[in-house]
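Undergrad: predicted model follows, preceded by the sequence.
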Amino acid sequence: MKTEQVFGMHAVQSLIKSAPQRICELLVVKGRQDQRVKKILDAAQKHQIKPRFVERAELDGLCDGSHQGVLVLAQPGKHYDEKALLELVEQTDRDPFILVLDGVTDPHNLGACMRSADAAGVHAVVIPKDNSASLNEAARKVACGAAETVPLVVVTNLARTLKQLQQKGLWIAGAAGEAEQSIYQANLTGPRVVVMGAEGEGMRRLTRETCDELVKIPMQGSVSSLNVSVATGILLFEVLRQRDMPR
């Protein structure tokens, strides 16, 4: 059976908490006895997960990233597709909040966007099957556990998916530097999809044409654009701020 690697303190702790049944093996570097490792070992014990203590060289050989002394071999997580996304939208008990990443190809940016999405209360993150980073070990590490709590939906036709979300009553706001209204002028309340494009190139044409409105982050300095994960965090938390405002 093919397994996934999950490593790093936050990612491993989140997996033990959210989906302990997926864990096939927990590897911990020998000699670490600090509080962060103790928390993981205590959580594992509650779920009857027995760790295997190994030399650091073994962990170094298993993964490319910074494992921080812990690594899990786990069964693959649930796969989310278009159908699952629409079911999730129908079943949520509050206004749906969806993040779409169009052409984000750096796994570190994907992981950072997942982390911001989790913090802002996003119900799902949507990416196209092609021309997008995958949720690999590096993305999971940067996501700091968000990859285990926020569904990542992979779709074959992004424009079609956006139209289906519109039919479900969601309004789509796409981020574009040339937009006339800023995120602080736009009404971003209600059932909402936020679309972020690739850094520099922005959204693809069909994606842009499907949006109900375009918004921009006002820039005061000399730089022309922000890192996509930074921009995503700013926009998501503006949506959250507007949602929490008294009406």
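TA: Yep, that arrived. Numbers count the residues shown, from 1 in each chain.
Undergrad: so where do the strands sit in the chain?
TA: Residue ranges of the strands in the chain, as given by DSSP state E, are 4-7, 23-29, 51-54, 70-74, 97-102, 124-128, 152-155, 171-175, 181-182, 192-197, 213-216.
Undergrad: now render these as TSV, adding distance to V142, mean pLDDT and mean neighbour count.
TA: C-beta coordinates here come from the backbone N, C-alpha and C atoms, glycine included. Formatted as TSV, the entries for those read as follows, by distance: least, Cβ to Cβ, whole Å; pLDDT from 0 to 100; neighbours: other Cβ atoms under 10 Å:
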stretch	distance to V142	mean pLDDT	mean neighbour count
strand 4-7	11	85	22
strand 23-29	20	92	19
strand 51-54	24	92	14
strand 70-74	16	90	23
strand 97-102	14	98	26
strand 124-128	13	96	23
strand 152-155	13	95	20
strand 171-175	20	97	22
strand 181-182	28	96	13
strand 192-197	16	97	24
strand 213-216	26	96	19
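Undergrad: what's the closest of those strands to S224?
TA: For S224, the closest of the strands of the chain is strand 213-216, at 11.8 Å, according to Cβ to Cβ.
Undergrad: quick one: low-confidence ranges for the protein?
TA: Where the chain drops to pLDDT under 70, the residues are 1, 64-65, 246-247.
Undergrad: remind me, longest helix of it?
TA: Scanning the chain for the longest helix, with DSSP state H as the assignment, gives helix 228-244.
Undergrad: ok so, going back, looking at the strands of the chain, which is nearest to E82?
TA: Between E82 and those, the shortest gap by Cβ to Cβ is with strand 152-155, which sits at 5.2 Å.
Undergrad: coming back round to it: same list (the strands of the chain) but as JSON lines, adding distance to L86.
TA: Compiled in JSON lines, the strands of the chain are given as follows (distance: least, Cβ to Cβ, whole Å):
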{"stretch": "strand 4-7", "distance to L86": "26"}
{"stretch": "strand 23-29", "distance to L86": "30"}
{"stretch": "strand 51-54", "distance to L86": "40"}
{"stretch": "strand 70-74", "distance to L86": "27"}
{"stretch": "strand 97-102", "distance to L86": "11"}
{"stretch": "strand 124-128", "distance to L86": "10"}
{"stretch": "strand 152-155", "distance to L86": "10"}
{"stretch": "strand 171-175", "distance to L86": "15"}
{"stretch": "strand 181-182", "distance to L86": "29"}
{"stretch": "strand 192-197", "distance to L86": "13"}
{"stretch": "strand 213-216", "distance to L86": "22"}
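Undergrad: which residues does the residue nearest the centre of the chain contact?
TA: Note on the chain: the residue nearest the mean C-alpha position is M114, at 1.9 Å, using Cα atoms, centre = their mean. Shown in contact with M114 (Cβ atoms under 8 Å, 6 or more residues apart in numbering): 125, 135, 139, 142-143, 146-147, 150, 152.
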